[in-house]
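Colleague: Sequence and computational prediction follow.
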Amino acid sequence: MRGIEAMAAGLVKEYAAVPEEKKKLFAPKRKEIGKCPRCGSPVYEGKKNFYCSSRDCQFSMWKNDRFFTGKKKELTATVAAALLSKGRAAMKGLYSEKTGKTYDADVLLADTGEKYVNYKIELKKTKKPKPKK
């Protein structure tokens, strides 16, 4: 047992810190969804959210956000990618709690830098038919 203890102590002394370039070997392979609007770091998909890879940044978009559940829609990777790249995502069939009907609109990413991310709705302008002469 003493030999094992000595060997373990020697290994810990010799390999106490892993260099930065070697840490990348242990990183899990994740697909980047987009860039963080706050710090520019990659944003990845987790089980419950889309999160900034920087530990110093608090940015995350939750999949079960009340905004999307109230509209009877899901925050998917495609929608999250559009919000991160363009700041908006076109969505069809959004549910209105007031009227009980569905409508099409653009969802805008309205990030204020606070703890939670906000979203806004921008209704699509419908073209009025030109009056006939």
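Modeller: It's in.

Colleague: Pick out the residue closest to the middle of this structure.
Modeller: A centroid search over the chain (C-alpha atoms, centre = their mean) returns Phe50, at 2.8 Å, as the residue closest to the centre.

Colleague: Now the top helix by length along the chain: average pLDDT?
Modeller: Longest helix of the chain, by residue count under DSSP state H: helix 2-14. In this model, helix 2-14 carries a mean pLDDT of 88.

Colleague: how distant is it from the center of its chain?
Modeller: 43 Å (C-alpha atoms, centre = their mean, to the nearest Å).

Colleague: returning to what we had before: so the residue nearest to the centre of the chain sits against Tyr44, correct?
Modeller: Yes. Counting by C-beta atoms under 8 Å, Phe50 does reach Tyr44; the two are 7.1 Å apart. All C-beta spots, glycine's among them, are computed from the backbone N, C-alpha and C.

Colleague: Can I get the helix or strand following the longest helix of the chain in PDB, CA atoms only?
Modeller: Next helix or strand after helix 2-14 toward the C-terminus (DSSP states H and E): helix 20-23. Coordinates of each C-alpha in helix 20-23 appear next as PDB, following Å, rounded to 0.1, in the frame of the first residue of the first chain:
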ATOM      1  CA  GLU A  20      -4.600  24.900 -21.500                       C
ATOM      2  CA  GLU A  21      -3.900  23.300 -24.900                       C
ATOM      3  CA  LYS A  22      -4.400  19.900 -23.300                       C
ATOM      4  CA  LYS A  23      -7.700  20.800 -21.600                       C
END
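
Colleague: Alright, that wraps it up for me.
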